[in-house]
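Participant: Return a 3D structure for these sequence lines:
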Amino acid sequence: LSAPRAVRLRMALEALGPIFVKFGQVLSTRRDLMPTDIADELAKLQDRVPPFDSHLALAEIEKAYGRPASEVFAEFDETPLAAASIAQVHFALLKEEDGSHEVAVKILRPNMLSVIEHDLALLDTLAMLLERLWSDGKRLKPREVVAEFEKTLSDELDLMREAANCSLLRRNFQHSPLLLVPEVHWDYCSREVMVMERMSGIPISQVDRLVEAGVDLKKLSRAGVELFFT
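Facilitator: A predicted model of the protein is given here:
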């Protein structure tokens, strides 16, 4: 109780589970709505989602392909590289007959549809209470925020749609000197599993590493703005 309000909110969202973490991530980007201290604290949710068990990831792969990961990939790293609220990513290597490509395998969290339906109902209830009990509740329209959140979540639950968007983006920027988009390996994609080219780089948020690598931050910023508006 002695912790600041922003910390208490972030911890509460973490305890409630992946969908609430996702909601906190979305809110952290709305600095036009959120006080600065809350937005800064919720931004920490971007990389704090715990992964689901590796045996569940392997089970999802077997369900998607009808055979175990060992028969699909030459190598599969059971330790996830990263975990998010909707899915997590593992590195793998395609078999020699498939080109021996290094790939990133994105796997949807198991049983996400039922979890989302339950959590969205709870979120809507909380938003309704927020409107009634908080002086700024009606102005911020939390129930409308939850409704918009529900729309974006439904898109993220279909990795075939994400793969299609990724392929379209790659095609649109095929000749761009500013942006590389990973190639999607369509033979290995389904609603629950997406396989794409593995790419290396430095996260944009790790400014110290970018400086150490000799990256011109002003040039990077200009490129980012140009890409965004393109």
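
Participant: from here on, contacts and neighbour counts on C-alpha atoms
Facilitator: Will do.

Participant: Return the helix or strand in the chain with minimum mean pLDDT.
Facilitator: helix 137-140 (a mean of 66; mean pLDDT, DSSP states H and E).

Participant: Any idea how far whichever helix or strand comes after that one is from the middle of the chain?
Facilitator: Later in the chain than helix 137-140, the nearest helix or strand by DSSP states H and E is helix 142-156. The gap between where helix 142-156 is centred and where its chain is centred comes out at 15 Å by CA atoms, centre = their mean, to the nearest Å.

Participant: Give the next helix or strand downstream of helix 142-156.
Facilitator: helix 159-172.

Participant: if we look at that following helix, which residues are touching it?
Facilitator: 108, 155-156, 180-184, 186, 189-194 (CA atoms under 8 Å, 6 or more residues apart in numbering).

Participant: Restricting to C-alpha, output it in PDB.
Facilitator: Taking Å, rounded to 0.1, in the frame of the first residue of the first chain, the C-alpha atoms of helix 159-172 are listed here in PDB:
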ATOM      1  CA  LEU A 159      -1.500 -15.400 -36.900                       C
ATOM      2  CA  MET A 160      -2.400 -16.000 -40.500                       C
ATOM      3  CA  ARG A 161      -3.700 -12.500 -40.700                       C
ATOM      4  CA  GLU A 162      -0.400 -11.200 -39.100                       C
ATOM      5  CA  ALA A 163       1.600 -13.300 -41.600                       C
ATOM      6  CA  ALA A 164      -0.400 -11.700 -44.500                       C
ATOM      7  CA  ASN A 165       0.200  -8.200 -43.100                       C
ATOM      8  CA  CYS A 166       3.900  -8.900 -42.700                       C
ATOM      9  CA  SER A 167       4.200 -10.200 -46.300                       C
ATOM     10  CA  LEU A 168       2.400  -7.200 -47.600                       C
ATOM     11  CA  LEU A 169       4.700  -4.800 -45.700                       C
ATOM     12  CA  ARG A 170       7.700  -6.700 -47.000                       C
ATOM     13  CA  ARG A 171       6.500  -6.400 -50.600                       C
ATOM     14  CA  ASN A 172       5.700  -2.700 -50.200                       C
END
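
Participant: ok, and for the biggest helix by length in the chain, which residues are buried?
Facilitator: Counting by DSSP state H, the longest helix found in the chain is helix 112-133. Of the residues in helix 112-133, those buried by neighbour count under the rule 16 or more other CA atoms under 10 Å are M112, I116, D119, L120, L123, D124, A127, M128, L130, E131.

Participant: Let me know the angle separating it from helix 142-156.
Facilitator: Here the directions of helix 112-133 and helix 142-156 differ by 170 degrees (axes from the mean of the first three to the mean of the last three CA atoms, to 10 degrees).

Participant: what pLDDT, on average, does helix 112-133 get?
Facilitator: On average, the pLDDT along helix 112-133 is 75.
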